[in-house]
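Enquirer: Next come a sequence and a model predicted from it.
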Amino acid sequence: MPHHNIEQITRWIETACLWEVAAPKAGNVHPQASFSDLTHNDFVRSARITAFMLARSHRGVGRAILDTSKAVRLQVGKNTNLGIILLLAPLLTAAQEGPIEASISDVIDRMTVEDSKQVYEAIRTARPGGMGEVANQDVSQEPTAPIREIMQLAADRDLIARQYANSFADVLGFGSERLQQWWTRCPESRETAIIGLHLDWMANYPDSLIERKCGRATAEEVSRKASALLEAGWPEAPESAEAFTEFDTWLRSDGNRLNPGTSADLVAACLFVGLCEDTIR
């Protein structure tokens, strides 16, 4: 018996995705900032498709990821939210079985080689940038192991793989804790709280998408700049507004190569957990 009904799950997924993309976060697409090939409207459409598809999928986590990725690709034609789909599919399955933290490890352990094949097909369908090649279990080939085992191979270079490997310990630990801190610190501005959470992820976990495109040293440089901004007292310190603008401008100085997209995906996952567990509204 599902712990939550379809309407609730749909609303929480859509709300998490829409809140994440509406906040004017550093280096990301938002209502006032587009990339040459991605707009805020692309993400809004993707949020609605993702919520509808994931909430109604009852054929396993891998199938939910694959069907949702295909629907987004078919209707939007771009890779807008593969990372969010990969994060939310197991989280919502856990939420339907009880408290997320108590259920998520079992949800991942139940994912079979068939789930791995469906996840690989979803990744190939979305065509994310900077994937490169690896010697073992490369995404261009058919996987031969369960998803947790495969994700453990990539956990040191990809934050989403790391969540599957450690049962979402970063999202449910660091992410949920910082979400509460920012919600308390910025009671009058949800968007400021979300921007702060995004900076916190970047500062503490070098962004995987930036690392895939530009290398580890660049991802760590982004982390240092985000950390410096927080240490300078953003958002309360008067001079920090100008520093945030300079950081945002620097992230956009080379097209979208410095887009901290994985950090944004992790923000959406934290918002979904907070909405599910009624710790934010």
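Expert: Sure thing, it's come through.
Enquirer: what packs against whichever strand or helix holds Val107?
Expert: Assessed by DSSP states H and E, Val107 sits inside helix 100-109. Contact here means 3 or more Cβ pairs under 8 Å, 6 or more residues apart in numbering; DSSP states H and E; on that basis helix 100-109 packs against helix 82-97, helix 147-154. Just so you know, the C-beta spots here come from the backbone N, C-alpha and C atoms, and that holds for glycine as well.
Enquirer: so can I have a markdown table of the ones you listed showing mean neighbour count, distance to Thr112 and mean pLDDT?
Expert: A markdown table is the format used below for the helices and strands packed on helix 100-109 (neighbours: other Cβ atoms under 10 Å; distance: least, Cβ to Cβ, whole Å; pLDDT from 0 to 100):
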| stretch | mean neighbour count | distance to Thr112 | mean pLDDT |
| --- | --- | --- | --- |
| helix 82-97 | 25 | 13 | 96 |
| helix 147-154 | 20 | 8 | 96 |
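Enquirer: For Trp12, find the nearest of these.
Expert: Set against Trp12 and scored by Cβ to Cβ, the helices and strands packed on helix 100-109 come closest in helix 82-97, at 8.0 Å.
Enquirer: picking up where we left off before, will you turn the helices and strands packed on helix 100-109 into TSV that also has distance to Asp109?
Expert: Shown next, in TSV, are the helices and strands packed on helix 100-109 (distance: least, Cβ to Cβ, whole Å):
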stretch	distance to Asp109
helix 82-97	11
helix 147-154	7
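Enquirer: and of those, who's closest to Ser240?
Expert: That would be helix 82-97 among the helices and strands packed on helix 100-109, by Cβ to Cβ, at 28.0 Å.
Enquirer: Heading C-terminal from the strand or helix carrying Ile160, find the next helix or strand.
Expert: Assigned by DSSP H and E, Ile160 falls within helix 159-165. Note on helix 159-165: by DSSP H and E, the next helix or strand toward the C-terminus is helix 169-170.
Enquirer: and that following helix, what other elements does it pack with?
Expert: helix 159-165.
Enquirer: Swap in 10 Å and give it another go.
Expert: Here helix 169-170 touches helix 100-109, helix 159-165, helix 261-276, going by 3 or more Cβ pairs under 10 Å, 6 or more residues apart in numbering; DSSP states H and E.
Enquirer: looking at those helices, which is buried most?
Expert: Most buried of the helices and strands packed on helix 169-170, by mean neighbour count (mean count of other Cβ atoms under 10 Å): helix 261-276, with a mean of 27.
Enquirer: one step back: can you tell me which of the helices and strands packed on helix 100-109 is nearest to Glu211?
Expert: Among the helices and strands packed on helix 100-109, helix 147-154 comes nearest to Glu211, with 11.8 Å by Cβ to Cβ.
Enquirer: Report the angle between the closest one and helix 100-109.
Expert: Relative orientation of helix 147-154 and helix 100-109, computed by axes from the mean of the first three to the mean of the last three Cα atoms, to 10 degrees: 90 degrees.
Enquirer: ok, then the element right after the helix holding Val107?
Expert: Counting by DSSP H and E, what follows helix 100-109 is helix 113-126.
Enquirer: Let me have the helices and strands packed on helix 169-170 in TSV, extended by distance to Ile147 and mean pLDDT.
Expert: Below are the helices and strands packed on helix 169-170 laid out as TSV (distance: least, Cβ to Cβ, whole Å; pLDDT from 0 to 100):
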stretch	distance to Ile147	mean pLDDT
helix 100-109	7	97
helix 159-165	6	98
helix 261-276	17	98
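Enquirer: Tell me which of these lies nearest to Gln181.
Expert: For Gln181, the closest of these is helix 261-276, at 11.4 Å, according to Cβ to Cβ.
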